[in-house]
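*Asks:* With the input below, show me the fold.
(one chain, ligands or ions: 2)
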Amino acid sequence: MGTRVDTNLLPELKDYGAVNVEACFNCGNCTAICPLADGDHPFPRNVIRLIQVGMKDKLLTSADPWLCYYCGECSETCPKGAEPGETLMAVRRWMTAQYDWTGLGKKFYTSKVWEIGTILFVALFVILGFVFFHGPVVTENVELNTFAPVEVIHILDWLMAGFLSFFLLTNVFRMFLKILIKGTDIRIPISAYILEAWNLVLHVFTQKKYSECDNRRPWIDHLILVFGYGTMFAIIVLFLPWFQTDNIYPITHPQRWLGYLATIALLYGAGQALWGRVKKVRQMHRFSHLSDWVFPILLMVTTITGILVHILRYAGLPMATYVTYVIHLAVLAPMLILEVPFGKWAHMAYRPFAQYFIAVRKRAEEYQGALEAASAAD
Ligand code: SF4
Ligand code: SF4
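*Replies:* Ligands and ions are numbered 1, 2, ... in the order given. Down below sits the predicted model:
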């Protein structure tokens, strides 16, 4: 593996939100205090050291920045105010851009014009799609499925899910190449990938490592948000014909209470994220990059417009329902298409994969150790 020194690494990371990294004098206090660091992963100090000496290749092949959940304890106690927690946050943004082969991630993270401009572009595309291709407009009563036929919307949903899965998974593959191929010296047997697959499932659904932070409240908040997001995503992509209906159901119908539960979770999660950034009480909210605002804002607007569509439909207001529905999709589409593979949301995939890759490498090292011990004994 190359050890080329890149003097541009630190200035580059500043574009992604790193602050005051140069103040670090490597005392190691941050690693000692971090509840998630251990002997194999002495972050954040090791990551900061790599930045200071410009070891870009080595940083790129490390999974350690993904192990930090930004509790902020290291930043609160750093004697030099070097903001190690925020530095790791900036590195994760930078890594997201580096994994992304399209180059869009980099543009979104480093250019406000690109980030806002692309969201507006996709939103306009959706609006124009409805302007030119909507179904008949029934004004006597609400017929959403006549205005926007659910079969068509469902096909578009699948196309969108395929699009974002393709980009996200190809980026995850590039992460794999960097961490387990370029950044690992030993051969990894296929069995290691299979036997550690449970790790991936566990971390996708629970973000278990997050629960090991001293303050478990952010983990619980995050779980609530993921529940809301995951439930709504499954409803939209898998069960849309059941969800987007012109029928009026009683409150006890599962279509309603499942939707309400997911909506409450989304409102809570997005509201928490936005309120935290406004109040700046927690360390993790003290510095806010534009990307930290965009995702919760889009999520909040999507949720509120979704609630409005529901209320207007039940209130029997056809035109208001149709217009709000178009606005709802014009916000939902850029949030999913741009944030999932290229932006803030991608963290939710990279973190569990980092845990998985580390577990795979550890198992491979154990194999290797056992083999070497056996051949030494021969
Ligand atoms: S970031 Fe702060 S606590 Fe960590 S090694 Fe540097 S100076 Fe010490
Ligand atoms: S922010 Fe928390 S989890 Fe991240 S390195 Fe600092 S102490 Fe560790």
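*Asks:* which residues in the stretch 101-250 of the chain form helices?
*Replies:* Read by DSSP state H, counting those that start in this stretch, the stretch 101-250 of the chain holds these helices, from start to end of the chain: 104-110, 112-133, 144-147, 150-176, 190-195, 197-206, 217-238, 240-243.
*Asks:* for these, which one ends up most surrounded?
*Replies:* Each of the helices of the stretch 101-250 of the chain was scored by mean neighbour count; the highest is helix 104-110, a mean of 21, by mean count of other CB atoms under 10 Å. In short, each C-beta sits where N, CA and C put it, glycine included.
*Asks:* just how off-centre is it within its chain?
*Replies:* Relative to its chain's centre, helix 104-110 lies at 15 Å (CA atoms, centre = their mean, to the nearest Å).
*Asks:* contacting residues around it?
*Replies:* Contact with helix 104-110 is made by 15-16, 93-94, 96-100, 114-115, 118, 171, 289, 291, 338, 342-343, 346, as judged by CB atoms under 8 Å, 6 or more residues apart in numbering.
*Asks:* before we move on, back to that, can I get the helices of the stretch 101-250 of the chain in CSV including distance to residue 272?
*Replies:* Below are these laid out as CSV (distance: least, CB to CB, whole Å):
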stretch, distance to residue 272
helix 104-110, 23
helix 112-133, 22
helix 144-147, 31
helix 150-176, 24
helix 190-195, 36
helix 197-206, 19
helix 217-238, 5
helix 240-243, 25
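*Asks:* could you check the distance from residue 179 over to residue 212?
*Replies:* According to CB to CB, to the nearest Å, residue 179 and residue 212 sit 21 Å apart.
*Asks:* Okay, now the unreliable bits of the stretch 101-250 of the chain?
*Replies:* Counting by pLDDT under 70, the stretch 101-250 of the chain contains no low-confidence residues.
*Asks:* same thing but at 90, please
*Replies:* The stretch 101-250 of the chain contains residues with pLDDT under 90 at 184-186, 205, 207-208, 214-215, 217-218, 229-230, 232-239, 241-250.
*Asks:* Looking at it, what residue ends up closest to ligand 2?
*Replies:* Closest approach of the stretch 101-250 of the chain to ligand 2 (CB to the nearest ligand atom) occurs at residue 213, with a separation of 6.2 Å.
*Asks:* My read is that that residue contacts residue 35, right?
*Replies:* Yes - with contact defined as CB atoms under 8 Å, residue 213 and residue 35 form a contacting pair (5.6 Å).
*Asks:* hey, what's in contact with both of the two?
*Replies:* Residues touching both residue 213 and residue 35 by CB under 8 Å, 6+ apart: residue 71.
*Asks:* of those two, who's got more company?
*Replies:* residue 213 (19 against 14; other CB atoms under 10 Å).
*Asks:* Please list the residues of the stretch 1-150 of the chain that sit near ligand 2.
*Replies:* 30, 34, 36-37, 43-44, 68-74, 84-85, 88 (CB under 6 Å from any ligand atom).
*Asks:* what's the helix or strand containing residue 90 packed up against?
*Replies:* Element membership for residue 90, per DSSP states H and E: helix 84-99. Counting contacts by 3 or more CB pairs under 8 Å, 6 or more residues apart in numbering; DSSP states H and E, helix 84-99 packs against helix 9-15, helix 45-52, helix 56-60, helix 73-77, helix 104-110, helix 150-176, helix 347-377.
*Asks:* Tell me the buried residues in that helix?
*Replies:* Neighbour counts over helix 84-99 (16 or more other CB atoms under 10 Å) mark 84-99 as buried.
*Asks:* got the contact list for stretch 214-233?
*Replies:* Contacting residues not belonging to stretch 214-233 are listed as 35, 69, 71, 73, 206-207, 210-211, 213, 258, 261-270, 272-273, 282, 284, 299, 348 [CB under 8 Å, 6+ apart].
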